[in-house]
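>>> I'll drop the sequence and a predicted model, then ask my questions.
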Amino acid sequence: MDIKNKSGDVIGKIQFQTSEDEGMVHQIIMDLKPGDGKGIYISNAEDNKFSQQTSYAARDWEGDFDALREKLHPWQPRFPTCSVVQDIKVFHGFDNLSDHEINEMIEESERTGSNVVIRDLKPNHVITGINITYQSDRGVFMLHVFGTTKSRIHVPDTESFKIEKLDVRGHEAYYISKAEIRQLIWIEEDAGGKALQYEIIGSDMSQEWVLNIAESMIE
């Protein structure tokens with residue numbers, strides 16, 4: 001589903017995928033391991049014949065919180081208040097395939113008759129997201145912030161999985177319950193107009209507590 005800002009412009013997409021979803025791309029996505037990136041060309045797809053699918057790997061951040069904020073510039077993300085940073089990890093991105101590489105995939109499909117052609121994406125050192133663990137007076141939680149705003153969330157076939165549509169500062173948000181894990185996800189533009197995806201994740205967190213964290217976050 002498309003996520004829009006307050007002006008009605010699309011700034012991201014959140015996809016909820018079930019075990020009933022079929023197709024080659026879905027299978028490739030399910031097989032991705034952290035640190036994997038794939039460029040996929042499917043010649044007989046009705047639309048979106050080419051896509052890039054990634055699974056980011058968390059890596060330790062060696063600096064402090066202030067150094068991270070400086071490194072993220074010009075991003076201006078919001079962060080929780082009244083919580084202490086315990087651990088910081090970063091996610092590095094991948095180089096996009098060039099037009100030449102995409103054309104080679106198309107030519108290979110036509111030459112071999114294969115409907116699906118896959119290429120590995122090359123990892124780079126550009127930070128595409130962060131994972132910060134916080135300690136608050138009510139427990140431990142994690143904050144993910146991504147500069148990429150297309151998300152896939154696997155929906156297991158179980159009654160313990162629930163999704164509720166909520167609101168964070170006027171932005172569409174989704175509160176997800178799966179067993180003891182609670183997750184709040186939304187997309188919001190920073191002061192410079194950069195769309196950022198936020199996720200708050202923790203164990204047995206009440207909806208009220210998660211929303212209080214999100215609503216109190218400041219740049």
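Right, received. Where do you want to start? Numbering: from 1, shown residues only.
>>> for the chain, what's the longest strand?
Counting by DSSP state E, the longest strand found in the chain is strand 123-136.
>>> adjacent strands (with direction) for that one?
Strand 123-136 has the following sheet partners, assigned by DSSP bridges: strand 84-94 (antiparallel), strand 139-146 (antiparallel).
>>> neighbouring contacts of the last one?
The set of residues external to strand 139-146 that reach it, using Cβ atoms under 8 Å, 6 or more residues apart in numbering, is 77, 79-80, 83, 86, 91, 128-134, 196-203, 205, 210, 213. (Glycine included, C-beta is placed from N, CA and C.)
>>> kindly report the same for the longest one.
Contacts made with strand 84-94 from outside it, assessed by Cβ under 8 Å, 6+ apart, are listed as 37, 52, 54, 56-61, 65, 68, 121-136, 140, 146, 148.
>>> and Asn212, helix, strand or coil?
Following DSSP: H, G, I helix; E, B strand; the rest coil, we place Asn212 in the helix state.
>>> thinking again about what came up before, pull out the buried members of the contacts of strand 139-146.
77, 79-80, 83, 91, 129-134, 196-202, 205, 210, 213 (16 or more other Cβ atoms under 10 Å).
>>> returning to that earlier point: CA atoms of the longest strand of the chain as PDB?
Extracted in PDB, the C-alpha atoms of strand 123-136 (Å, rounded to 0.1, in the frame of the first residue of the first chain):
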ATOM      1  CA  PRO A 123      27.400  -3.700  -1.400                       C
ATOM      2  CA  ASN A 124      28.700  -0.200  -0.600                       C
ATOM      3  CA  HIS A 125      29.600   1.900   2.500                       C
ATOM      4  CA  VAL A 126      26.700   4.300   2.200                       C
ATOM      5  CA  ILE A 127      24.500   4.300   5.300                       C
ATOM      6  CA  THR A 128      20.900   3.500   4.400                       C
ATOM      7  CA  GLY A 129      19.600   2.900   7.900                       C
ATOM      8  CA  ILE A 130      20.300   2.700  11.600                       C
ATOM      9  CA  ASN A 131      19.400   0.400  14.500                       C
ATOM     10  CA  ILE A 132      19.600   2.000  18.000                       C
ATOM     11  CA  THR A 133      18.800   0.100  21.200                       C
ATOM     12  CA  TYR A 134      17.400   2.200  24.000                       C
ATOM     13  CA  GLN A 135      16.900   1.700  27.700                       C
ATOM     14  CA  SER A 136      14.000   3.500  29.300                       C
END
